[in-house]
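Asker: attaching a predicted model along with its sequence, questions to come.
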Amino acid sequence: MTATASAFTVRTAHTADLTPTEVRAIRALLDEAFDGDFSDEDFEHGLGGMHALVQDDAGRLVAHGSVIMRRVRHRERWLRVGYVEAVGVRRDARRGGLGGRVMAELERVIERAYDAGMLSASDEGAALYAARGWEVWSGRVCGLGPDGVVHLPDEEGSTFVRTALAGPLDPASELVFDWRDGDVL
């Protein structure tokens, strides 16, 4: 059964303001939404920033996403990027606009607090982001690793950008993401 977006409430909260019960509910939702393919590192990547939480009228978490700060070098300038992580919707609540409601809250945060927004999309999520005006990055994607800049060709074609305060970005210049354990993007 497809849920309607009007039967749900959305709230935003920083990781520091979430209760342990809420953190466990987020993890359970993401494990279910990603069919068990959501690692501990994936979960950790979504912590430390702002969360958009959608609950049904019984108070159960049905959708989630977070935006965390990343540093990304572009054209010799380090940008403050709102990086979208851990977007998931419970299986029985999909196709009812909840992913869009999560993204609307995360985009609001990005537009007011960051130079740009970025994310790495799964094949399933790409249509949502494109429909909301996110653009596939057509340039080179790299990470700044312990041994210097590392090209990440597997991330090209699935990295999406939404410019905010920085204005348009030039795809002729690479994006160099700060390094982190697990998947860099």
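Answerer: Arrived safely, thanks for sending. Only a predicted model underlies this, so the values are computations on that prediction, with no experimental measurement involved.

Asker: do you know how far the most centrally placed residue in the chain is from residue 122?
Answerer: Residue closest to the average C-alpha location in the chain (CA atoms, centre = their mean): residue 84, at 1.8 Å. Distance from residue 84 to residue 122, counting by CB to CB, to the nearest Å: 12 Å. Placement of C-beta: from N, CA and C, glycine included.

Asker: before we move on, what about residue 42?
Answerer: For residue 42, the distance to residue 122 equals 11 Å [CB to CB].

Asker: these two: which is more packed in?
Answerer: Ranked by neighbour count (other CB atoms under 10 Å), residue 42 and residue 122 place residue 42 first, with 15 against 12.

Asker: Three-state assignment for the more buried one, please.
Answerer: Secondary structure for residue 42, judged by DSSP: H, G, I helix; E, B strand; the rest coil, is helix.

Asker: contacting residues for it?
Answerer: 30, 34, 85, 86, 182, 183 (CB atoms under 8 Å, 6 or more residues apart in numbering).

Asker: using neighbour counts, trim these to the buried set.
Answerer: Buried members of these, scored by 16 or more other CB atoms under 10 Å, are 30, 85, 86.

Asker: in JSON lines: the residues you listed, plus pLDDT and secondary structure.
Answerer: JSON lines is the format used below for those (pLDDT from 0 to 100; DSSP: H, G, I helix; E, B strand; the rest coil):
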{"residue": "30", "pLDDT": "96", "secondary structure": "helix"}
{"residue": "85", "pLDDT": "97", "secondary structure": "strand"}
{"residue": "86", "pLDDT": "96", "secondary structure": "strand"}
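
Asker: just the residues you listed now: which is nearest residue 173?
Answerer: residue 85 (24.3 Å; CB to CB).

Asker: I'd say residue 74 and residue 173 touch.
Answerer: Yes - applying CB atoms under 8 Å as the test, residue 74 and residue 173 come out as touching, 5.8 Å apart.

Asker: if we can go back for a sec, show me what the residue nearest to the centre of the chain is bridged to.
Answerer: Under DSSP bridges, the beta-bridge partners of residue 84 are residue 67.

Asker: next SSE after the longest helix seen in the chain?
Answerer: Criterion DSSP state H: the longest helix present in the chain is helix 98-113. Moving toward the C-terminus from helix 98-113, the next helix or strand (DSSP states H and E) is strand 116-120.

Asker: can you show me the CA trace of that following strand as CSV?
Answerer: These are the backbone C-alpha positions of strand 116-120, laid out as CSV (Å, rounded to 0.1, in the frame of the first residue of the first chain):
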residue,chain,number,x,y,z
ALA,A,116,27.1,23.6,-2.3
GLY,A,117,25.3,20.3,-1.8
MET,A,118,26.6,17.0,-3.0
LEU,A,119,25.7,13.3,-2.8
SER,A,120,26.5,9.9,-4.3
